[in-house]
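Participant: Generate a structure from the sequence data that follows.
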Amino acid sequence: MVDERRLVTTFLELCSVDSEPCRERLMADHLIALLKKLGFEVVEDDAGGKTGGNAGNLTARLAGNEDLAPVLFCCHMDRVVPGMGVKPRREGDLLVGDGTTVLGADDASGLAAILEAVAVLTARGGDHPPIELVFTVAEELSLLGSGVYDLSRLSAPYCFVLDASGSVGEIVLRAPEHVKFRAVFHGCKAHAGFVPEQGISAIQMAAAAIGRMELLRIDVDTTANIGSISASGPTNIVPDRCEILGEARSVDRGKLERHLKRLTGAMEQAASEFGGKVEITLTTCYKTYTHSEEAPVVQRAARAAAALGVPVVFKATGGGSDANIFNDRGLPTVVLSCGYQKAHTTEESLPVDQLVRLAQWTLAIIEDR
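Facilitator: Here you go, the predicted model:
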């Protein structure tokens with residue numbers, strides 16, 4: 001039986017460990033100690049060196065009945081900024097921070113649930129499948145850690161990623177492809193007071209382009225956003241350079257390609273009309289995937305939830321996860337919701353009953369035959 005007090009204590013301890021992207025060393029060391037205490041063999045890879053961080057991805061394996069296929073879970077160790085100096089606490093039936101940082105339930109909820117499920121399993125004794133775990137770094141930086149992870153370390157037929165907002169029992173079947181773009185507009189300098197007509201304003205070009213873009217919610221499958229616009233210089237000089245950074249996402253690759261064409265077209269048209277030019281760079285962060293409800297990895301998660309009496313809900317998401325990388329490389333991977341709310345904000349919270357249910361679901365997945 002899941003021990004609520006132990007589970008909550010583990011969760012609060014994990015949230016208290018500093019672990020922003022590329023700064024996961026303390027979290028990795030903390031988890032290595034906990035995993036070894038549970039009997040896992042743990043290996044750390046060189047992802048830190050490849051991503052500019054101070055820790056690598058962790059791969060852990062707990063021996064079990066080798067006649068059974070291993071069960072694989074994945075979570076990420078980092079959390080979004082501001083994620084240092086977190087002061088988590090239990091406030092009635094809710095787990096919260098102090099409002100100055102994120103709580104870190106994304107993804108400490110998954111980490112704590114896995115550790116608790118294994119603690120229950122080992123204390124109970126008896127037969128169980130081998131358990132494999134992957135804890136990644138820099139997930140919040142467009143999946144950098146899983147992007148350099150070597151899947152040949154694993155032998156499980158599929159993977160469960162505990163990393164989504166929403167009620168426990170929700171299973172993500174579709175996730176988007178994510179493309180970032182960088183556009184640098186080049187104009188011509190001129191004195192803004194004496195001969196402004198001789199200048200070409202890069203800021204004006206960028207503003208005209210943005211004004212023609214369709215942004216935010218495009219349709220049920222597609223989104224787009226401008227995250228930043230930057231230029232600097234004195235007010236008496238027409239600016240000759242302006243940079244914008246943005247992104248587009250869609251679970252439909254065709255829709256994504258068409259919308260990116262419209263976005264780049266708006267930028268190129270604005271530059272041409274003003275007599276300047278624009279350099280556009282597109283970078284695919286990760287690719288889309290779709291699972292059917294009948295997929296073995298989906299069915300195992302659904303059976304385990306149903307066995308607990310937890311309502312099963314299939315859904316799509318607008319966010320990426322390590323599952324995007326694993327699916328693209330041929331490892332069927334499904335994302336499970338963890339019960340947290342308002343992720344990536346200083347109002348993030350997690351109901352205690354959702355955390356308990358997540359640990360129960362994790363245990364039920366391991367025990368499902």
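Participant: Identify the bridge partners of the closest residue to residue 230 other than its chain neighbours.
Facilitator: Excluding its sequence neighbours, the residue lying closest to residue 230 (CB to CB, 6 or more residues apart in numbering) is residue 243, at 5.1 Å. To be clear about C-beta, it is placed using only N, CA and C from the backbone, and glycine gets the same treatment. For residue 243, the beta-bridge partners are residue 184, residue 230 (DSSP bridges).
Participant: what's the answer for the one 4 residues further on, then?
Facilitator: Taking DSSP bridges, one finds residue 180, residue 225 as the beta-bridge partners of residue 247.
Participant: burial count for it?
Facilitator: 18 (other CB atoms under 10 Å).
Participant: Surely it touches residue 216?
Facilitator: No - Residue 247 is beyond contact range of residue 216, at 11.5 Å (criterion: CB atoms under 8 Å).
Participant: between these two, what contacts are shared?
Facilitator: Contact criterion CB atoms under 8 Å, 6 or more residues apart in numbering; residues shared by residue 247 and residue 216: 224, 225.
Participant: wouldn't the residue nearest to residue 230 be in contact with residue 186 here?
Facilitator: No - at 10.2 Å, residue 243 does not count as touching residue 186 under the criterion of CB under 8 Å.
Participant: Could you name the specific helix or strand carrying residue 10?
Facilitator: Per DSSP states H and E: residue 10 is located in helix 4-16.
Participant: distance between that helix and the chain's centre?
Facilitator: Centroid displacement of helix 4-16 relative to its chain, using CA atoms, centre = their mean, to the nearest Å, is 22 Å.
Participant: Show me what counts as buried in it.
Facilitator: Using 16 or more other CB atoms under 10 Å as the test for burial, helix 4-16 gives 7, 8, 10, 11, 12, 14, 15, 16.
Participant: And what about the residue nearest to residue 346 when sequence neighbours are not counted, helix, strand or coil?
Facilitator: Computed as CB to CB, 6+ apart, the closest residue to residue 346 that is not its neighbour in sequence is residue 99, at 5.4 Å. Assigned with DSSP: H, G, I helix; E, B strand; the rest coil, residue 99 falls in the coil class.
Participant: surely residue 99 meets residue 347?
Facilitator: Yes - with contact defined as CB under 8 Å, residue 99 counts as touching residue 347 (7.3 Å).
Participant: for residue 119, helix, strand, or coil?
Facilitator: Secondary structure of residue 119, per three-state DSSP, is helix.
Participant: And the pLDDT for the closest residue to it other than its chain neighbours?
Facilitator: Closest residue to residue 119 apart from its sequence neighbours, by CB to CB, 6+ apart: residue 38 at 6.4 Å. For residue 38, the pLDDT comes out at 97.
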